[in-house]
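>>> just to be clear, the model below is a prediction. Sequence and coordinates:
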Amino acid sequence: MNNYFYNISGGQPRSLWSSAIAALLDGIAKVIPAALLVDIFNTLYMSFANSGSPLDIRRMWLVSIILLLWLAVEYAAYVSLYNKTYKAAYSLSATGRLTLAEHIRHLSLGFFGRRDPADITNLLLSDYGQVEQTISHNVPQLISAVILPLLALAGLVFVDWRMALAMFAAIPLGALLLWMTDSLQARLSANHVEAKNEAASRLQEYLSGIREIKAHNMGGKRFERLRLSFDQLKGASIRLEGIMGPLIMGAMLLTRSGLTIMIFVGSYLLAGGTLSLPVFLLFLLIGTKVFEPLTAVLMNYGEIRYSAYSAQRIMDVQQEMPMQGTRSNMLPGDIVFDAVTFGYDAGLPVLQDLSFTIAPNTITALVGPSGSGKSTVTRLIARFWEVEHGRITIGGVSTREINPEKLLENISMVFQDVYLFQDTIGNNIRIGNMEATQEEIEQAARRACCHEFISKLPQGYDTPVGEGGSTLSGGEKQRVSIARTLLKNASIVLLDEATASLDPENEAAIQQAINELVADKTVILIAHRLKTIQNADKILVLDQGRLVQQGKHDALLQEQGIYANLWNLQQGAEGWRLK
Ligand SMILES: Nc1ncnc2c1ncn2[C@@H]1O[C@H](COP(=O)(O)OP(=O)(O)OP(=O)(O)O)[C@@H](O)[C@H]1O
C-alpha cells in the first residue's frame with residue numbers, strides 16, 4: 001500500500017497528506033447534517049408518539065439554524081479540499097514534469113535509443129496527466145471513502161452494534177473481490193499503455209514522415225501501420241473497460257448490499273421491538289452518507305489502479321542512472337582514445353580497439369566509408385554515450401570523471417542535420433550563449449556569413465523560424481548553426497561536414513564560416529569531401545570501426561590504401577553529369 005501511494009504521488013507521498021486531511025474534514029462536514037436531521041425527526045416523533053406532549057418548536061428552530069450555519073462550514077471544508085487537492089496535484093505534476101525532463105537530460109543517449117520518443121512524450125504528458133487527475137480527484141475520495149466508514153463504524157457500534165455490523169458486513173467481501181482483480185487490472189493497464197504508446201509513435205512517424213510518404217506515394221502502407229496501431233488500442237481499451245467494468249461493478253454492488261442487509265436487519269429488529277424508529281432512521285441517513293463516497297471511489301477504482309501503473313513508469317525513468325562525473329575543471333590538452341571499443345548494442349562493436357591522439361589547437365579529419373564509425377567517435381568525445389572498454393581522456397583526465405555539463409561547455413558541435421527551434425533567428429543563435437548581447441549575436445552572424453540574409457528578412461533577427469528550421473534553406477540553416485557555435489566559443493569543435501551538395505555561393509559562404517569557427521580551436525572534422533581537408537594537421541582513416549591509416553594528406557596518398565582509393569573515387573566523381 002505504501003509503495004502504491006509512493007508511486008501514485010510520483011515518489012512524494014507527503015504531498016498527499018494535506019489533501020487527505022481536507023478530504024476527511026469534508027466527509028465529516030457532510031455527515032453532520034444527517035445526524036441533525038435525525039434529531040429533527042426525533043423531536044417530531046416524540047411529539048406524535050406521545051400525543052399529549054407539545055412539539056418542541058424551539059429545538060426545531062435551533063436545529064434548523066445550526067443546519068443553515070453548517071452550510072458555511074460545509075462550504076469552507078469543500079473550498080479547503082478543492083484548494084489543497086488541486087494545488088497538490090498541479091504543483092506535483094508541474095515540478096515532477098520539469099524534474100523528470102531535467103533528469104532525462106542527464107541520461108546518456110543510449111536511453112533514447114532504448115525508448116521511443118513518443119513513449120517519452122507520453123510519459124511526460126499523459127502519464128503525469130493521469131497521476132494529476134488521480135491526485136486531484138481520486139485520492140482524496142479514496143481516503144475519505146476509507147476513513148469515513150471506519151469512523152462511522154466506531155461511533156455507530158455504540159448506538160446499536162447489531163445494525164452497525166449489518167451495515168458493514170458486505171464491505172470486506174467487496175474489498176476481497178477488488179483485491180483478487182488487482183493483477184488482472186495491472187496486466188490490462190500495462191497492455192493499454194503499451195497500445196497507447198504504439199499508436200502515438202505510429203502517429204508521430206506518420207506526421208513526421210509525411211513528406212517522404214507523399215514523395216514515395218506510400219500513404220497506403222504507412223497508413224495501414226497507423227490503422228493497425230489504432231485497432232490495437234481500440235482492442236486494449238475495450239478489454240480494459242469490458243473486463244474490469246463488470247468486476248468493479250460487482251464489487252460496488254456487493255459493498256452497497258450492506259445498506260439492504262441493514263434495512264432487513266433493522267426491519268426485523270423494529271418488528272421485534274428491540275430497535276427504536278429514530279435509531280433505525282439514524283442508521284439509514286448515516287448509511288447513505290457513508291456509502292455515497294464509497295460507491296464513488298469504487299467507480300474510479302480502475303482509474304486509480306491505472307494511474308499507479310503510470311506512476312510506476314515515471315518512477316522507472318526517475319531511477320535510471322544519470323551520467324556520473326564530478327570534475328568541473330577541464331584542462332586543455334590532448335584528446336586521447338586509448339584502446340576504445342564501443343557498440344550501440346551489446347555484442348555488436350562499432351568501434352574496435354581504437355587508439356589515437358589529437359593535439360590541442362589542431363585540425364583532425366575523420367575519413368572513411370559510410371558506417372565506418374566517424375560520427376560515433378565524435379559522439380563519444382562529447383560523451384553522448386559511455387565507452388564500454390578502453391578510455392577517452394582530455395588533458396589527461398578520463399571523460400567519465402568530468403561533469404558531463406562541464407564537458408559540453410567546452411565542446412561545440414555542428415551537426416549535418418541542423419535543428420532550429422521554433423523561435424526567432426536571433427534566439428536560435430543565442431542558444432550558443434544565453435548571456436550574449438544583440439551586438440555579439442550580430443557579430444557572430446557576420447563571421448558565419450549569415451548576417452546579410454538575416455537582415456533582408458522582414459523582421460530581421462526577430463523573424464520566427466518554423467520548427468526544425470523548416471522556413472530556411474539547408475545552407476542558411478548550416479550558417480545559423482555555425483553562428484550559434486561561434487557564439488559559444490568552446491575550445492573543442494566537432495564538425496560534421498554537410499554531405500548535401502550546396503550551390504557554389506552557399507558552399508563558399510559555409511567554407512568561410514567554418515574557417516572562422518576553427519581558428520585556434522581543437523577541431524575534429526568528419527570529412528565527406530576529401531578536397532576540403534588537404535591541409536588538415538592529421539587525417540584518421542577508419543574502416544569498419546578500426547583505425548587503418550593516419551597521417552597527412554600527401555603521405556596518405558602515397559600509401560595506396562583506403563584513403564588513396566577514396567581520393568581517386570572522388571576525383572573521378574567530381575565531373576559527373578547526366579548522360
Ligand atoms: N544510435 C545508433 N544505434 C545503433 N546503431 C547505430 C546508431 N548510430 C549509428 N549506428 C551504427 O553504427 C555504425 C557506425 O555509424 P556512424 O554513424 O558512426 O558511421 P559514419 O562513419 O559516421 O557513417 P556516415 O558517413 O554514413 O555518417 C553504423 O553501422 C550504424 O548503423
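Nice, thanks for sending it over. Note that the structure is predicted; figures quoted are calculated from it, not measured.
>>> tell me how this protein divides into domains.
2-318, 335-573 (automatic domain parsing).
>>> any residues touching stretch 321-336, and which ones?
103, 106-108, 356-360, 381, 383, 386, 392-397, 399-404, 406-407, 410, 491-492, 522, 524 (C-beta atoms under 8 Å, 6 or more residues apart in numbering). Glycine gets a C-beta too; all of them are placed from N, C-alpha and C.
>>> just checking, what packs against the longest helix belonging to the chain?
Criterion DSSP state H: the longest helix present in the chain is helix 219-271. For helix 219-271, the elements it packs on are helix 161-168, helix 171-180, helix 182-208, helix 277-299, helix 301-318, judged by 3 or more C-beta pairs under 8 Å, 6 or more residues apart in numbering; DSSP states H and E.
>>> so which of these gets nearest the ligand?
Across these, the ligand has its closest neighbour in helix 182-208 (16.6 Å, C-beta to the nearest ligand atom).
>>> and the helices and strands packed on helix 219-271 as TSV, adding mean pLDDT?
Formatted as TSV, the helices and strands packed on helix 219-271 follow (pLDDT from 0 to 100):
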stretch	mean pLDDT
helix 161-168	91
helix 171-180	87
helix 182-208	85
helix 277-299	82
helix 301-318	84
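>>> make JSON lines out of those and add mean neighbour count and distance to the ligand.
Formatted as JSON lines, those follow (neighbours: other C-beta atoms under 10 Å; distance: least, C-beta to the nearest ligand atom, whole Å):
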{"stretch": "helix 161-168", "mean neighbour count": "20", "distance to the ligand": "59"}
{"stretch": "helix 171-180", "mean neighbour count": "15", "distance to the ligand": "44"}
{"stretch": "helix 182-208", "mean neighbour count": "17", "distance to the ligand": "17"}
{"stretch": "helix 277-299", "mean neighbour count": "20", "distance to the ligand": "46"}
{"stretch": "helix 301-318", "mean neighbour count": "20", "distance to the ligand": "19"}
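>>> contact residues of the stretch 51-200 of the chain facing the ligand?
Residues of the stretch 51-200 of the chain lying near the ligand by C-beta under 6 Å from any ligand atom: Gly113.
>>> brain fart, the stretch 301-450 of the chain
Counting by C-beta under 6 Å from any ligand atom, the stretch 301-450 of the chain sits next to the ligand at Tyr344, Val350, Gly368, Ser370, Gly371, Ser372, Gly373, Lys374, Ser375, Thr376.
>>> need the max-distance pair from those.
Maximum pairwise distance among these (C-beta to C-beta): 17.3 Å, between Tyr344 and Gly368.
>>> isn't His192 right next to Ile238, touching?
No - in this structure, His192 is not within contact of Ile238 by C-beta atoms under 8 Å, at 10.0 Å.
>>> and Asn427, how far is that from the ligand?
Taking C-beta to the nearest ligand atom, to the nearest Å as the measure, Asn427 falls 29 Å from the ligand.
>>> helix/strand/coil for the nearest residue to that residue once chain neighbours are set aside?
Excluding its sequence neighbours, the residue lying closest to Asn427 (C-beta to C-beta, 6 or more residues apart in numbering) is Phe421, at 7.5 Å. Secondary structure, DSSP: H, G, I helix; E, B strand; the rest coil: Phe421 is coil.
>>> could you turn the buried ones of the residues of the stretch 301-450 of the chain next to the ligand into a ChimeraX selection?
This is how ChimeraX selects the buried members of those, with burial counted by 16 or more other C-beta atoms under 10 Å:
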select :350,368,372,373,374,375,376
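>>> let's see which of the residues of the stretch 301-450 of the chain next to the ligand end up in helices.
In helices, defined here by DSSP H, the members of those are Lys374, Ser375, Thr376.
>>> pick the one among the residues you listed closest to Arg484.
Once C-beta to C-beta is applied, the member of those that ends up nearest Arg484 is Ser375, at 19.4 Å.
>>> pull up the per-residue confidence for the closest one.
Looking at Ser375, its pLDDT reads 90.
>>> how many neighbours does Leu36 have?
Neighbour count of Leu36, defined by other C-beta atoms under 10 Å: 16.
>>> that one touches Val63, doesn't it?
Yes - using C-beta under 8 Å, Leu36 is in contact with Val63, at 5.4 Å.
>>> excluding chain neighbours, what is closest to His451?
Using C-beta to C-beta, 6+ apart, the closest residue to His451 is Ala445 (4.1 Å).
>>> distance of that neighbour from Val523?
21 Å (C-beta to C-beta, to the nearest Å).
>>> of those two, who's got more company?
Comparing Ala445 with Val523 by neighbour count (other C-beta under 10 Å), the higher total belongs to Ala445, at 27 against 22.
>>> so what's that one up against?
For Ala445, the contact set (C-beta under 8 Å, 6+ apart) comprises Ile429, His451, Ile454, Tyr461, Val480, Ala483.
>>> check Ile32 too.
Trp70, Val73.
>>> could you give the secondary structure assignment for it?
Quick answer, by three-state DSSP: Ile32 is helix.
>>> picking that back up, please pick the buried ones from the contacts of stretch 321-336.
Among these, those buried by neighbour count (16+ other C-beta under 10 Å) are 107-108, 356, 358, 360, 381, 383, 392-394, 397, 399-400, 402-404, 407, 410, 491-492, 522, 524.
>>> in helices only, show me the residues you listed.
Here DSSP H is the test, and those give Ile381, Pro404, Leu407 as lying in helices.
>>> can you report phi and psi for the spatially closest residue to the last one that is not a sequence neighbour?
Leaving aside its chain neighbours, Leu407 sits nearest to Arg383 (5.7 Å; criterion: C-beta to C-beta, 6+ apart). Dihedral pair for Arg383: phi 60, psi 40, per degrees, to the nearest 10.
>>> just His451 next, same as before
His451 adopts backbone torsions of phi -60, psi -40, taken as degrees, to the nearest 10.
>>> pretty sure it contacts Ile429?
No - His451 lies out of contact with Ile429 (C-beta under 8 Å); the separation is 10.2 Å.
>>> more crowded one of the two?
Ile429 (28 against 19).
>>> contacting residues for the more buried one?
Ile429 sits next to Ala436, Ile441, Ala444, Ala445, Tyr461, Val480, Ala483, Arg484, Leu487 when contact means C-beta under 8 Å, 6+ apart.
>>> check the fifth one and give its pLDDT.
What that stands for is Tyr461. On the pLDDT scale, Tyr461 gets 90.
>>> once you drop chain neighbours, what's closest to it?
Gly426 (3.5 Å).
>>> does the one you found touch Gln459 like I think?
No - applying C-beta under 8 Å as the test, Gly426 and Gln459 come out as separate, 9.6 Å apart.
>>> where does the stretch 51-200 of the chain have low pLDDT?
Where the stretch 51-200 of the chain drops to pLDDT under 70, the residues are 51-52.
>>> all helices for it, in order.
Assigned by DSSP state H, counting those that start in this stretch, the stretch 51-200 of the chain shows helices spanning 57-105, 109-114, 117-122, 128-133, 139-159, 161-168, 171-180, 182-208.
>>> related to what we said a few turns ago, turn the ones in helices among the residues of the stretch 301-450 of the chain next to the ligand into JSON lines, columns for distance to Gln141.
Output for these, formatted as JSON lines (distance: C-beta to C-beta, whole Å):
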{"residue": "Lys374", "distance to Gln141": "58"}
{"residue": "Ser375", "distance to Gln141": "53"}
{"residue": "Thr376", "distance to Gln141": "52"}
